[in-house]
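1. no FASTA, just this:
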């Protein structure tokens, strides 16, 4: 049914629930799995003002480490791990095209916490995607 | 993984592609399947003006017939077929609650045709849903 699944991950801790779902769907379908995480560029003044050098580079490094762990957990090859810098929607859809994804899996919070950010990402993916999208409702934090 | 799938169908012909997906997912998961279709109430003046009586009743009758066929194709029991009148989002989410759905499947067109209607329905479901949502990207019509 699905041959190429792209897991759009925000790499935060609460994706463990999501990881289990991704693992199960992959098991059901026998699909190839790719990972994508997008680092949104920060406006220049915010870190120049703080005197922090190359905060983007630091974010990318951290993302790379987190993704390595995730990839190990899910047995995803190095070449199927994608870290992108740019607008989340555009980048996820670009990678979806590149890997020929027929299903994008992403998480969505409810009304609390990160809902606006994640909700709008899921929403943007949904509207722009050329393939199916599975939005996993993440459990609310206490 | 999923135990109660709710298929939110618009009952138009192009759902055949969707039907196959629903059938496959159900096969994978062994989940119970329910169907819901929502008839949006028309503003009173639009049919009063045309001299048509009970157009809502006609729409419901037609929907019931189409849903019977769909239910036969997918082997869904009578009591798991839901036709509702009201705002699409609210009604779908209500039925999702009622049947204890853990996955809602709905179709979404691209930019053409019914995109605005279906896109916004899928979007509304996504934002309001307490469970996972699989949005199936329907093939564009020629």
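-> Nice, thanks for sending it over. The model shown is predicted, which means the values in this text are computed figures rather than measured ones. Numbers count the residues shown, from 1 in each chain, chains lettered A, B, ... in the order given.
2. what's in contact with the longest helix along chain A?
-> For chain A, the helix that runs over the most residues, judged by DSSP state H, is helix A:55-74. Outside helix A:55-74, the residues that touch it by CB atoms under 8 Å, 6 or more residues apart in numbering or on different chains are A:7, A:9, A:11, A:15, A:19, A:22-23, A:26, A:33, A:35, A:37, A:39, A:41-42, A:47, A:76-78, A:80-81, A:83, A:85. C-betas here are computed from N, CA, C, even on glycine.
3. let's go with 7 Å and repeat that
-> The list of residues contacting helix A:55-74 from outside it, by CB atoms under 7 Å, 6 or more residues apart in numbering or on different chains, reads A:9, A:11, A:19, A:22-23, A:33, A:35, A:37, A:39, A:41-42, A:47, A:81, A:83, A:85.
4. lowest-confidence entry in these?
-> In terms of pLDDT, the least confident member of the contacts of helix A:55-74 is residue A:47, at 60.
5. how many other residues sit next to residue A:28?
-> Residue A:28 has 16 neighbours, counted by other CB atoms under 10 Å in any protein chain shown.
6. ok, residue A:56 next?
-> The criterion is other CB under 10 Å. On that basis, residue A:56 has 15 neighbouring residues.
7. one step back: need the max-distance pair from the contacts of helix A:55-74.
-> Spatial extent of the contacts of helix A:55-74 (CB to CB) is set by the pair A:23 and A:47 at 36.4 Å.
8. do stretch A:87-99 and chain B meet at all?
-> No - between stretch A:87-99 and chain B, judged by CB under 7 Å from any CB of the partner chain, nothing touches; the nearest distance is 11.0 Å.
9. list the buried ones in that stretch?
-> A:88-89, A:91-96, A:99 (16 or more other CB atoms under 10 Å in any protein chain shown).
10. next one: stretch A:129-142
-> Along stretch A:129-142, these residues count as buried under the neighbour rule (16+ other CB under 10 Å): A:129, A:131-138.
11. and the angle from the top strand by length along chain A to helix A:55-74?
-> Identified as the longest strand of chain A according to DSSP state E is strand A:32-39. Here the directions of strand A:32-39 and helix A:55-74 differ by 160 degrees (axes from the mean of the first three to the mean of the last three CA atoms, to 10 degrees).
12. chain A: helices as residue ranges?
-> A:16-29, A:44-50, A:55-74, A:88-99, A:115-128.
13. quick one: least confident of the buried residues of stretch A:129-142?
-> For the buried residues of stretch A:129-142, the weakest pLDDT value sits at residue A:138, with 81.
14. list phi and psi for it.
-> Backbone torsions for residue A:138, taken as degrees, to the nearest 10, come to phi -80, psi 140.
15. can you give me the neighbour number for the nearest residue in space to it that is not next to it in sequence?
-> In this structure, residue A:138 finds its nearest non-sequential neighbour in residue A:107, 4.8 Å apart by CB to CB, 6 or more residues apart in numbering or on different chains. Using other CB under 10 Å, residue A:107 has 25 neighbouring residues.
16. residue A:107 touches residue A:17, doesn't it?
-> No - with contact taken as CB atoms under 7 Å, residue A:107 and residue A:17 are classed as non-touching, separated by 8.0 Å.
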